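>>> This is a predicted model, with the sequence first.
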Protein chains: 2
Amino acid sequence: MEPDLIRKLIKPADTRVILLVIDGLGGLPMEEGGLTELEAAKTPNLDDLATRSICGLHQPLGPGITPGSGPAHQALFGYDPIKFHIGRGVLAAVGIGFDLNHGDVVARGNFCSVDEEGRITDRRAGRISSEKNGELCKLLSEIELPGVEVFVKTVKGYRFLLALRGEGLSSDITDTDSQVAGDRPLQPQPLSQKAEKTVRLVRQFLDQAGRILANHYPANMILLRGFATGPSWPQINDLYGLKAIAIADYPMYRGVAGLIGMDTVDPGNTTDRKIDILRERWHDYNFFFVHIKQPDIAGEDGDFYSKVAGIEHVDAKIAEFMIMKPDVMIVTGDHSTPSLLLEHSWHPVPVLLWSKYCRPDGVDRFGERACINGGLGPRFPTTDLMPIALAHAMRLKKFGA
Amino acid sequence: MEPDLIRKLIKPADTRVILLVIDGLGGLPMEEGGLTELEAAKTPNLDDLATRSICGLHQPLGPGITPGSGPAHQALFGYDPIKFHIGRGVLAAVGIGFDLNHGDVVARGNFCSVDEEGRITDRRAGRISSEKNGELCKLLSEIELPGVEVFVKTVKGYRFLLALRGEGLSSDITDTDSQVAGDRPLQPQPLSQKAEKTVRLVRQFLDQAGRILANHYPANMILLRGFATGPSWPQINDLYGLKAIAIADYPMYRGVAGLIGMDTVDPGNTTDRKIDILRERWHDYNFFFVHIKQPDIAGEDGDFYSKVAGIEHVDAKIAEFMIMKPDVMIVTGDHSTPSLLLEHSWHPVPVLLWSKYCRPDGVDRFGERACINGGLGPRFPTTDLMPIALAHAMRLKKFGA
């Protein structure tokens, strides 16, 4: 997909698109000859919709690549995750709902344990609790650096976010985390001249953090990595002519949606409440990204039946989406999370796209095997999905005469 | 497809390729659960050929993009329409069969209506007839400009073509059509220094046109846009080692074929006459592009059954193509024109490629659904078709040792 080409072809239309993302949807059988979670789930409503849809399986990042949640969602929104790079620090920031300003420099932090000689004995500080993390972040937030604001925010367990806000900052800085226990934390180094000032500030921060944490063993030091600044990407309104809203209870997904200019709302974690908001905002927007987290969590827990149940739960709600009469309804995942693997995987992700103008492809149920024979193809780039959705929403002009 | 790679691999062979293009071939069901035009058509000959062919569906311009006829044919000929841009003026020229010379500058013209102050009151001059257009073009053709030949040719209704032929002309010129009624026509401006001379000539032309048309309300002024020169693309003989002929009754398709160096012939609109010419020229050429327009027209009219009949008409002629013993026979469309939509669409286009050396793929009928499972894939780039055809015609060498 060429964003510049799509931008030139956009035409206005009074049409609405729903993108329903079932996180970690794709799966695997637990044993040879078995069914995947989606295949095992009883999904009469999704099967009916698939029969009237065009189906397929998409690959967020290319063959064999297992995507993180951030890049996977970028791809769903049509933003090539390789081209539009998102730093780990930025992902951490959007993941906790930190309100990233233009020019902020952020980094992911770990609390860690060091011995008397300053050598790392535990990169995760004995996996301290989020509560303890909160107390320590409060202490570190009191560090003052000349000319910049300092934010230190709890992420989870031993992980936190450091953000610096001020003029002339740069994220061209090396990690302090060598990722090897037994080493001393590294000194951060500038990767370009413009980062020298920021490096000085980060070193001051590290010195003071070391002093403040000295008596807080096992969390008596910190490691920083993935320095990044908030990206300035094309915004969804400008690129696609869409007024878009993200309805997602996890901050990370609202965060990625926010980076491309979607409005965001936290509906809490019930699907009913998400559908309520969809209904309430139906006339305010023309693109609705609705995110369901449960199947991914079940997959990461290795809980096949919980994931099946999560998918069946969504299936039971499909009619409530369709009753809104969207012009295009997409049901898919951001990536696969097979219960067998207990983590994200590279396997292509099933998708169905329903519209009055889709060309049916003979697929009559929603499952990984069935979707292989779908008209969208068995392994297409996830970034194809957005222009295909725009076409079915009659929002793209003809190219050439 | 990389033209430079293909060019390096070309080897001579005494083989012949027929590319039979059924314009607007791809379609949609008129109602949920129905068949497309091609699926509804009785096509025993195409079905038999499909059984012995490799099949698939191609996308002329990428996911979701609806192609115009010009770019769609470029893609069929293996010329990426994004990379090999074709200006509107050039398309208009080839569309009316104007014999574009290298270096000619062309533009699309509208007759329009202006009030006493020169403000545009109707950008389309009350949609004058093509006949009236012809009279006015004759008057404008008498305008003389120093050092260049002037051609003014009727396109249709209020539209005409302006062409300037001479030394040192440039098409780096802004439109005079602001596309806003109520404004005065814009003065053309040079976009680069080399266009200054051409701009002076165009301004002289506009002055004289204004005087000549003054008493011809509603067509009392003209607007010009899309200044362009004929492209200098790689020629099909040089690129593919093919001696090619376009057998097409619509000038537009002969025009695009001409731009890449095909010989062209206007056979009139009967398929029998096209086949006669194929037979007559069989030993003079090794690539035959045969164009059938009717199904596209039926699709744009929303006439499902007429499109079905048009496809069945082609099916009945398949044996007459095959009796020539082509080495490669391709049957496809340039784009989809579903009767449901009454216009071109983004939906992938069915294709079959028969050769003694194609690997059959289990597809046993020629239709959109059936082709999804074909060996060429459900959504492959149209520009792949030409190298695949050359390979099956034994015209490509091995790459590397």
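It's in.

>>> Assign the residue nearest the centre of chain A to helix, strand or coil.
Nearest to the mean C-alpha position of chain A, by C-alpha atoms, centre = their mean, lies residue A:70 at 2.8 Å. Assigned by DSSP: H, G, I helix; E, B strand; the rest coil, the conformation of residue A:70 is helix.

>>> dump the residue contacts of it.
Counting by C-beta atoms under 8 Å, 6 or more residues apart in numbering or on different chains, residue A:70 touches A:81, A:86, A:91, A:94, A:252, A:256. Every residue, glycine included, has its C-beta placed from N, CA and C.

>>> near chain B, which residues of chain A show up?
Counting by C-beta under 8 Å from any C-beta of the partner chain, chain A comes close to chain B at A:1-2, A:5-6, A:9, A:52, A:56, A:357, A:359-362, A:373-377, A:380, A:384-392, A:396-401.

>>> mind listing the strands in the stretch 151-300 of chain A by residue range?
With DSSP state E, counting those that start in this stretch as the criterion, the stretch 151-300 of chain A has strands at A:159-165, A:221-229, A:244-247, A:263-265, A:287-292.

>>> Paired strands for the first one, with orientation please.
What that stands for is strand A:159-165. Using DSSP bridges, the strands paired with strand A:159-165 in its sheet are strand A:105-114 (antiparallel), strand A:149-156 (antiparallel).

>>> Based on its surroundings, how many neighbours for the residue lying closest to the residue nearest to the centre of chain A once chain neighbours are set aside?
Spatial nearest neighbour of residue A:70, excluding adjacent residues (C-beta to C-beta, 6 or more residues apart in numbering or on different chains): residue A:91 at 4.6 Å. Taking other C-beta atoms under 10 Å in any protein chain shown as the criterion, the count of residues near residue A:91 is 22.

>>> Model confidence for the residue of the stretch 151-300 of chain A found nearest chain B, exactly?
Among all residues of the stretch 151-300 of chain A, residue A:240 sits closest to chain B, at 11.0 Å; criterion: C-beta to the nearest C-beta. Note for residue A:240: predicted pLDDT of 96.

>>> What's the local residue count around it?
27.

>>> re earlier: now the strands paired with strand A:159-165 in a markdown table, please, with extra columns for mean pLDDT.
As requested, these are exported to a markdown table (pLDDT from 0 to 100):
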| stretch | mean pLDDT |
| --- | --- |
| strand A:105-114 | 94 |
| strand A:149-156 | 94 |
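
>>> Deepest-packed of those strands, please.
Scoring the strands paired with strand A:159-165 by mean neighbour count under mean count of other C-beta atoms under 10 Å in any protein chain shown gives strand A:105-114 as the most buried, with a mean of 26.

>>> tell me what the helix or strand following that strand is packed against?
Counting by DSSP states H and E, the element after strand A:105-114 in chain order, helix or strand, is strand A:120-122. With contacts defined as 3 or more C-beta pairs under 8 Å, 6 or more residues apart in numbering or on different chains; DSSP states H and E, the packing partners of strand A:120-122 are strand A:105-114.

>>> Quick one: distance of the strand it packs on to the chain centre.
Distance of strand A:105-114 from its chain centroid, counting by C-alpha atoms, centre = their mean, to the nearest Å, is 21 Å.

>>> same check, this time on stretch A:13-21
Here stretch A:13-21 is found 20 Å from its chain centre; the criterion is C-alpha atoms, centre = their mean.

>>> With the flanking residues excluded, which residue is spatially nearest to residue A:294?
Going by C-beta to C-beta, 6+ apart, residue A:294 has residue A:310 as its nearest residue, at 4.0 Å.

>>> Okay, and the one you found sits in which element?
Per DSSP H and E, residue A:310 falls inside helix A:304-315.

>>> buried sites along that helix?
Neighbour-count burial for helix A:304-315 flags A:304, A:306-308, A:310-312, A:314-315 (criterion: 16 or more other C-beta atoms under 10 Å in any protein chain shown).

>>> Could you verify my assumption that residue A:399 touches residue B:66?
Yes - under the criterion of C-beta atoms under 8 Å, residue A:399 makes contact with residue B:66 at 6.6 Å.

>>> now what about stretch A:237-245, what contacts it?
Stretch A:237-245 is contacted by residues A:3, A:6-7, A:10-12, A:17, A:78, A:236, A:257, A:260-265, A:281, A:284-289, A:386, A:390, A:395 when judged by C-beta under 8 Å, 6+ apart.

>>> Pull out the buried positions in that stretch.
Neighbour-count burial for stretch A:237-245, with 16+ other C-beta under 10 Å as criterion, is recorded at A:239-242, A:244-245.

>>> same question, stretch A:41-50
So stretch A:41-50, judged by 16+ other C-beta under 10 Å, has buried residues A:41, A:43, A:45-50.

>>> Am I right that residue A:57 is in a strand?
Yes - assessed with three-state DSSP, residue A:57 lies in a strand.

>>> what's near enough to touch residue A:387?
Each residue near residue A:387 by C-beta under 8 Å, 6+ apart is listed here: A:1, A:6, A:78, A:396, B:62-65.

>>> Filter those residues down to just the ones in helices.
Using DSSP state H, the members of the contacts of residue A:387 that fall in helices are residue A:6.

>>> export the helix holding residue A:310 as CSV, just CAs?
Listed next in CSV are the C-alpha coordinates belonging to helix A:304-315 (Å, rounded to 0.1, in the frame of the first residue of the first chain):
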residue,chain,number,x,y,z
PHE,A,304,-7.2,-23.2,25.2
TYR,A,305,-10.8,-23.4,26.6
SER,A,306,-10.8,-20.0,28.0
LYS,A,307,-9.7,-18.6,24.7
VAL,A,308,-12.5,-20.7,23.0
ALA,A,309,-15.0,-19.2,25.5
GLY,A,310,-13.7,-15.7,24.8
ILE,A,311,-14.2,-16.1,21.1
GLU,A,312,-17.7,-17.6,21.6
HIS,A,313,-18.5,-14.6,23.8
VAL,A,314,-17.7,-12.2,20.9
ASP,A,315,-19.7,-14.4,18.5
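
>>> what's next to the helix or strand following that helix, contact-wise?
Downstream of helix A:304-315, the next assigned helix or strand under DSSP H and E is helix A:318-322. Here helix A:318-322 makes contact (C-beta under 8 Å, 6+ apart) with A:18, A:20, A:45-46, A:49, A:275, A:278, A:290, A:329, A:331.

>>> Kindly report the same for stretch A:339-348.
Applying C-beta under 8 Å, 6+ apart, the set of residues contacting stretch A:339-348 is A:24, A:26-30, A:37, A:57-59, A:63-69, A:298-304, A:307, A:335-338, A:368, A:378-379.

>>> distance between the ends of it?
Stretch A:339-348 has its terminal residues 15 Å apart, counting by C-alpha to C-alpha, to the nearest Å.

>>> then stretch A:25-33 to CSV, C-alphas only?
What follows is stretch A:25-33, C-alpha atoms only, in CSV (Å, rounded to 0.1, in the frame of the first residue of the first chain):
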residue,chain,number,x,y,z
LEU,A,25,-7.4,-14.4,17.5
GLY,A,26,-5.3,-16.8,15.5
GLY,A,27,-4.3,-20.1,17.1
LEU,A,28,-3.1,-23.7,16.8
PRO,A,29,-4.4,-27.1,17.7
MET,A,30,-3.1,-28.4,21.0
GLU,A,31,-2.3,-31.7,19.4
GLU,A,32,-1.8,-33.0,15.9
GLY,A,33,-5.1,-33.5,14.1
